[in-house]
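Visitor: Please work out how this folds:
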Amino acid sequence: MGLTILHQQATQWLAEIAAILGWSKYDHIAMIWTAYFDDSENQRYLAVAGCVAPYETWQQFTLAWINVLRDYDVCWFHATDWWASEKEFANWKGDKRRRDEFYERLVKLIEEFRIRPL
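Guide: Take a look at the predicted model:
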């Protein structure tokens, strides 16, 4: 694939992201990307999801996220492990109050910082 085609595709992709975020085509956009992705797959399908927000928002969000993880004495959040009460969450099995409270705090952070899905 030629560089011109890649540039056109990247420009279109950035325009679509800007539209999702409600930015005008006349806004000056400078982006520093920090990507957070997760995947799911089987023999037929592959899905990848991620989120986008301004760089400064990511910095603040990351600190807040880490604080929640520390409050619950876990190093990371992986939804599969949380749902199954495995790995970091193995000792949470059956503790509905703790599981719900932890999850709600993470969701509130995503809402508070206006993190947008891609």
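
Visitor: next SSE after the longest strand seen in the chain?
Guide: Secondary structure of the chain per DSSP state E: the longest strand is strand 46-52. Under the assignment DSSP states H and E, the closest C-terminal helix or strand after strand 46-52 is helix 55-71.

Visitor: Tell me where the protein has helices.
Guide: Ranges of helices in the chain, per DSSP state H, are 3-20, 55-71, 79-84, 96-112.

Visitor: Residues contacting the second one, please?
Guide: Translated: helix 55-71. Contacts with helix 55-71, where a contact means CB atoms under 8 Å, 6 or more residues apart in numbering, come from 31-32, 34, 53, 75-77, 102, 105-106, 109, 112-115. Every residue, glycine included, has its C-beta placed from N, CA and C.

Visitor: Which of those ranks first by neighbour count?
Guide: Phe102 (20 neighbours; other CB atoms under 10 Å).

Visitor: For stretch 79-97, give me every contacting residue.
Guide: Asp38, Val74, Cys75, Trp76, His78, Arg98, Arg99, Phe102, Tyr103.
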